[in-house]
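A.B. asks: Give me coordinates for this.
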Amino acid sequence: MTRAPVDPSVLQYGSDLVAALLRALGVPFLAINPGASFRGLHDSVVNLLGNHDPKLLLTLHEAQAVAIAHGYAKVTGQAMGVVLHANVGLMNAVMAIYDAWVDRVPMLIIGATGAVDAVRRRPWIEWIHTSRDQASIIRHFVKWDDQPASPAAALESVMRGARMTAMQPCAPVYICLDVDLQERPLSAPVSLPDVERHPLPRQAVAAARDLAETRRLLTGAHKPLVLVGRHDRTQQAWDRRVAFVEQLGAAAICDLKCGVGFPSAHPRFISAPAQYLDARATQVLTEADCIVSLDWPDLGGTLSQRPDRGKDLRLIVVSPDERLHNGWSLDHFSLTEADLRIPVPADCFVAGWLDSHQAHQAAPWPVPQPAALPAIAADGPVTMAGLAHVFAEARGQRPVCLTRLPFGWPEGDTRFDGPLDCIGYDGGGGIGSTPGITVGAALALRGTGRVPVAILGDGDLLMGSQALWTAVAEKLPALFIVNNNRSFYNDVEHQERVARHRGRPVENRDIGMTIDDPPVDIAGLARSYGLRSFGSVERLSGLREALRAAFLAVESGATVLVDVRVVRG
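C.D. replies: This next block holds a predicted model:
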């Protein structure tokens, strides 16, 4: 969406031009963490545009600025702007940028450096905040970067970056603006580019011969399986995926890390594992004789769970992802054998299939029924299964957007009805991203009636708690449910496996992992940021009461946190 242009007569500095172009491009927000190298752009945004279009969002840490833009992109598919302070701000943001890269989301990151011309560099701070080739810090995990040396070049750079980040496969771009470029008066008028004359290229579509070959490979398949990986979060794309699976008579497995792209109540839905396939999903995967992989990230790892490791089946791989693989990051996973590779976005392929294929629903093949869920007591200590069950009760029919579910979450107790019910994980598998991603999702969902909910670990919350302040400052309804085992428990489980393998005392598994001496008052921390908080909740009866109250508080417009003491496995 483009905005009304800024009067060219008021554009006096290089940063004025950049601010005006960001407005013309329709960038909705700039997540910022202030610094000296940013003051030129800050002045231009505030004085030319006010605090809207793009609106400035103050954050307390650069990683959370990036994570907020990450969450916004996961919901909308659109790029937010992020402003990072010089080399030190970029270094603070490195892990969050890597998360966004692996998660394949668009993002326009604007950095800065002290004056490159040493004669114009101010004492002390502009020396230690100036680096040669600053983008080299992150070049291996951004789609493109630039450091323009003039106002005209800066405009071209921003225009190019905004277009590049939006094209699938999406990924962040980084543009570094010299302080001198931002602050020096323009020596001559510079025209803003015409946004309408820089349209996005049309999205790639599957070739007719690829669709024909897909039909040939599926002919005679008795047990087809669709793996739903990265996907668009529009209702239209969701409905098309359902129609595609139904036409094939296939079963569908989703990857919780990518978000759930298929309705869980559908009889062809098998599971949405975050880590390991359960017995039912493993059986379906093993029995499948033809698989269509819709941009499934770790396809080789998944197929390795079949006895034949995927060699005795027909395999169609649909993904444009190889365009981003660069050899530094191994997020391309293992190279799998396939009968056909189609290098277009998965939902473009599905749309092409439906448009070209005569509507006919094949008979579905029989799949095993899901196992009965374990009974949950009315009261007692809170387990992960108990938390999932009580959350489902408290949620009821409310539309939610799950921005995080813990590893080990029993997803069979959670309902996924639509494309925004679950938007997946952070991509890079770090810790500390969920608070910011949730705030970004809340920005995108504000006014829709859909409640963003993060069910996250205590370590994740503590590493990224700075984002909570931004949520409250922006008056964003959101719910954080802390699965608090007072530990970095994922590592505890691995320490136990290593100890057993080596014949050493498993009692040592908790050393160096627990956050328990002293325990952190997470509810108190949340209150200090301005949240409405509940807890620590230690029993199922108290959890039911706390979640009922929490949902009512969120629906009244509050940012809410519930600290839940979950017993360790």
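A.B. asks: Model confidence for the nearest residue to residue 246 once chain neighbours are set aside, exactly?
C.D. replies: Nearest in space to residue 246, with sequence neighbours left out and distances taken as Cβ to Cβ, 6 or more residues apart in numbering, is residue 361 at 5.4 Å. C-beta here means a position set from N, CA and C on the backbone, and glycine is covered the same way. We have a pLDDT of 81 for residue 361.
A.B. asks: what's around residue 361, how many residues?
C.D. replies: If you count neighbours by other Cβ atoms under 10 Å, residue 361 ends up with 11.
A.B. asks: Can you tell me the SS state at residue 561?
C.D. replies: The three-state assignment at residue 561 reads strand, by DSSP: H, G, I helix; E, B strand; the rest coil.
A.B. asks: what's the spacing between the residue nearest to residue 246 and residue 242?
C.D. replies: 11 Å (Cβ to Cβ, to the nearest Å).
A.B. asks: Identify the residues contacting residue 328.
C.D. replies: Neighbouring residues of residue 328 by Cβ atoms under 8 Å, 6 or more residues apart in numbering: 140, 141.
A.B. asks: Kindly state the pLDDT recorded for it?
C.D. replies: 95.
A.B. asks: and it, that's in a helix?
C.D. replies: No: Residue 328 sits outside any helix when classified using three-state DSSP, being coil.
A.B. asks: Any regions of this protein where pLDDT drops low?
C.D. replies: 1-3, 569 (pLDDT under 70).
A.B. asks: ok, and for stretch 182-198, which residues are buried?
C.D. replies: 182, 183, 184, 190, 192, 193, 195 (16 or more other Cβ atoms under 10 Å).
A.B. asks: Can you tell me how far the third one is from residue 153?
C.D. replies: Plainly put, residue 184 is 14 Å away from residue 153 if you go by Cβ to Cβ.
A.B. asks: same question, the fifth one
C.D. replies: The span separating residue 192 from residue 153 equals 14 Å under the rule Cβ to Cβ.
A.B. asks: ditto for the fourth one
C.D. replies: To residue 153, residue 190 is 10 Å away according to Cβ to Cβ.
A.B. asks: give me every residue that touches residue 189.
C.D. replies: 8, 11.
A.B. asks: For it, which three-state class applies?
C.D. replies: Secondary structure, three-state DSSP: residue 189 is coil.
A.B. asks: And the residue nearest to residue 31 when sequence neighbours are not counted, its phi and psi?
C.D. replies: Leaving out its chain neighbours, the residue that sits closest to residue 31 by Cβ to Cβ, 6+ apart is residue 65, at 3.9 Å. In this entry, residue 65 is assigned phi and psi values of phi -60, psi -50 (degrees, to the nearest 10).
A.B. asks: Look up how far residue 529 lies from residue 65.
C.D. replies: 16 Å.
A.B. asks: of those two, who's got more company?
C.D. replies: Using other Cβ under 10 Å as the criterion, residue 65 and residue 529 rank with residue 65 on top: 33 against 19.
A.B. asks: thought that one was touching residue 32?
C.D. replies: Yes: at 6.5 Å, residue 65 counts as touching residue 32 under the criterion of Cβ atoms under 8 Å.
A.B. asks: anything in contact with each of the two?
C.D. replies: Common neighbours of residue 65 and residue 32 (Cβ under 8 Å, 6+ apart) are 57, 59, 82, 83.
A.B. asks: could the residues you listed go into JSON lines alongside secondary structure?
C.D. replies: Listed next are these as JSON lines, based on three-state DSSP:
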{"residue": "57", "secondary structure": "strand"}
{"residue": "59", "secondary structure": "coil"}
{"residue": "82", "secondary structure": "strand"}
{"residue": "83", "secondary structure": "strand"}
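A.B. asks: Look up which residues are beta-bridged to residue 174.
C.D. replies: residue 109, residue 145 (DSSP bridges).
A.B. asks: Now do the strands for the stretch 201-350 of the chain: every range, in order, please.
C.D. replies: For the stretch 201-350 of the chain, the strands defined by DSSP state E, counting those that start in this stretch cover 224-228, 251-254, 269-271, 290-294, 314-318, 340-342.
A.B. asks: In PDB, could you pull the C-alpha coordinates for stretch 550-561?
C.D. replies: C-alpha atoms of stretch 550-561 as PDB (Å, rounded to 0.1, in the frame of the first residue of the first chain):
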ATOM      1  CA  ALA A 550      -6.100 -14.000  31.500                       C
ATOM      2  CA  PHE A 551      -8.300 -14.300  28.400                       C
ATOM      3  CA  LEU A 552     -10.800 -11.800  29.800                       C
ATOM      4  CA  ALA A 553      -8.000  -9.400  30.500                       C
ATOM      5  CA  VAL A 554      -6.500  -9.700  27.000                       C
ATOM      6  CA  GLU A 555     -10.000  -9.200  25.500                       C
ATOM      7  CA  SER A 556     -10.200  -5.900  27.500                       C
ATOM      8  CA  GLY A 557      -7.000  -4.800  25.700                       C
ATOM      9  CA  ALA A 558      -4.300  -5.700  28.200                       C
ATOM     10  CA  THR A 559      -0.900  -7.400  27.600                       C
ATOM     11  CA  VAL A 560      -1.000 -10.400  29.900                       C
ATOM     12  CA  LEU A 561       1.400 -13.000  31.300                       C
END
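A.B. asks: Alright, that wraps it up for me.
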